[in-house]
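Student: give me coordinates for this.
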Amino acid sequence: MNDIDCAFVVNPAARNGWVGKNWQDMVQIISRYLPIKDVHFSQQPHHAQQLAKQLAHSSAQLIISVGGDGTHSDVANGILKSGVPAGSISLGIIDAGTGGDFRRGLRGEHNVAGYCQTIATQPANLVDVIQVQYCADEVEAKRFVLNMATCGLGANVVEHISRSRGRTLFKMRYALATLSEYFKFETPTLRLFVDGQQEQQFMPLMVAVANGSHAGGGMAFAPQALLDDGLLNVTVIQPQSLFSALKVMKTLYTGDVSRLSTVHNFIATGLKISGPSIYFEVDGDLVGYLPARFTVLPKALSVIGIDPRRQAAQA
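Tutor: Alright, predicted model coming up:
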């Protein structure tokens, strides 16, 4: 590993500022396994994407993301938007966020030392990403989905959590935010075009477009999703009573959600969602508004220590 040019993109605000406060202690651990010379700190939302894009055009062969799922997604977007050939630069992950969903696919122990050891000793694998084209400030935009995108209640929950930072465990915060937003949610009418076929119309509680299997701090919205199968896993959850919604929430944690009659699953390589101009989120960040077009890009990103089938196995 010492002969590889590697750079770190660090989000000091991750885990409610924990990374920034404990960075020097983290350095002591990281330096046992990896050369830590080229370090860049993000200063604002999505700055990590800009840093990663710049580094991809330098001599870096490995860019290590230190933060949570949003940071990892931003760094992946920076690599992908740089235009470098797939596999020429690898993404390494030291997870230090609150949700911790994408890191489920990593081999090794889930702590700073374990992530570093994985980066230092494990090979890289190519995984799929999802390209989404959408509207942002009346301008067409593009982003890559590393793990999952949702619209409907899921996006509302993400927005709620972004307004209510706290020290409560993330799973509890997500569950409470879901209940709070459930009572205010107005069901939209959405049109889904799967692989360009005839539209299917729904009035869903939420729609999840998945590359990985988990989101929301351990909720298996797409239990069968694999990171390297070249497919989108689409989950549509229909409106229901509070009692039934609580049942759905339980099955999201047990990995049994696809068995419910109020849940519809689709496999596709492309998907368009249109309807009212409601916002959607990507990897835990609100990014834009419908309509949106999702396309899977097979094996587009190199990630060190990832086992593309490990996430689904934990559902």
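
Student: all helices for the protein, in order.
Tutor: 14-30, 47-56, 69-81, 112-121, 153-163, 170-182, 242-254, 310-313 (DSSP state H).

Student: most packed of those helices?
Tutor: Mean neighbour count (mean count of other CB atoms under 10 Å) peaks for helix 69-81 among these, with a mean of 27. Glycine gets a C-beta too; all of them are placed from N, C-alpha and C.

Student: name the residues that touch it?
Tutor: Residues external to helix 69-81 that are found in contact with it (CB atoms under 8 Å, 6 or more residues apart in numbering): 9, 11, 14, 42, 46-56, 63, 65, 89, 91, 93, 95, 97, 99-103, 129, 143-147, 282-285, 300-301.

Student: rewinding a little: any chance of the helices of the chain in TSV with mean pLDDT and distance to Asp38 as columns?
Tutor: As requested, those are arranged in TSV below (pLDDT from 0 to 100; distance: least, CB to CB, whole Å):
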stretch	mean pLDDT	distance to Asp38
helix 14-30	96	12
helix 47-56	97	8
helix 69-81	97	14
helix 112-121	96	14
helix 153-163	86	30
helix 170-182	81	30
helix 242-254	87	39
helix 310-313	59	29
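
Student: pipe those into JSON lines and attach distance to Arg191 per row.
Tutor: Below are the helices of the chain laid out as JSON lines (distance: least, CB to CB, whole Å):
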{"stretch": "helix 14-30", "distance to Arg191": "37"}
{"stretch": "helix 47-56", "distance to Arg191": "30"}
{"stretch": "helix 69-81", "distance to Arg191": "27"}
{"stretch": "helix 112-121", "distance to Arg191": "41"}
{"stretch": "helix 153-163", "distance to Arg191": "17"}
{"stretch": "helix 170-182", "distance to Arg191": "23"}
{"stretch": "helix 242-254", "distance to Arg191": "23"}
{"stretch": "helix 310-313", "distance to Arg191": "29"}
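
Student: verify the stated contact: Ala155 with Gly284.
Tutor: No. Ala155 lies out of contact with Gly284 (CB atoms under 8 Å); the separation is 10.3 Å.

Student: quickly note the distance from Ala48 to Thr71.
Tutor: Using CB to CB, to the nearest Å, Ala48 is found at 5 Å from Thr71.

Student: done for today, thanks.
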